[in-house]
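Chemist: give me coordinates for this.
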Amino acid sequence: MTVVERTSPLGADVLIRMVDHHLAELGCVLTGSDLALAERLANCLRELVVATAEASAADRARVRVAVHRFVRGPRSRPLASARSLAAVAVLIDDTARQLGRPDLVGSPAR
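Modeler: Now for the predicted structure:
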């Protein structure tokens, strides 16, 4: 039997693929500063996924919620408007702060 070592848990790979896929979709409908915000949020989420891959279940759950909110938008509405993207940015920034990663926050602390 062959043993394959993984550098990150399977769940992390899935979350990163979800972020990348959604960012590609947003690239078709967003432009300018809205697209730049979506790219910043995607980069932040990728970093958080990797940083919490071996963290507590609670921390991984926080990141999972942020990824799902990015992909699905607030209240399961598609995330294609600048307003809904800004709302998700607040959640992602708060998640980064809670996890001790203020370097990933795009806006100053409130």
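Chemist: going by C-alpha atoms from here, please, whenever you check contacts or count neighbours.
Modeler: OK.
Chemist: chain neighbours aside, what residue packs nearest to the residue most central in space within the chain?
Modeler: Central residue of the chain (Cα atoms, centre = their mean): Leu45, 2.9 Å from the mean position. Using Cα to Cα, 6 or more residues apart in numbering and skipping residues adjacent in sequence, the residue nearest Leu45 is Val67, 6.6 Å away.
Chemist: correct me, but that neighbour touches Val19?
Modeler: Yes: taking contacts as Cα atoms under 8 Å, Val67 lies within contact range of Val19: 6.7 Å.
Chemist: between those two, who's got more neighbours?
Modeler: The neighbour comparison of Val67 against Val19 (other Cα atoms under 10 Å) goes to Val67, with 25 against 21.
Chemist: which strand or helix spans that one?
Modeler: Assigned by DSSP states H and E, Val67 falls within helix 57-72.
Chemist: mind listing what's buried along that helix?
Modeler: Asp59, Arg60, Arg62, Val63, Arg64, Ala66, Val67, Arg69, Phe70, Val71, Arg72 (16 or more other Cα atoms under 10 Å).
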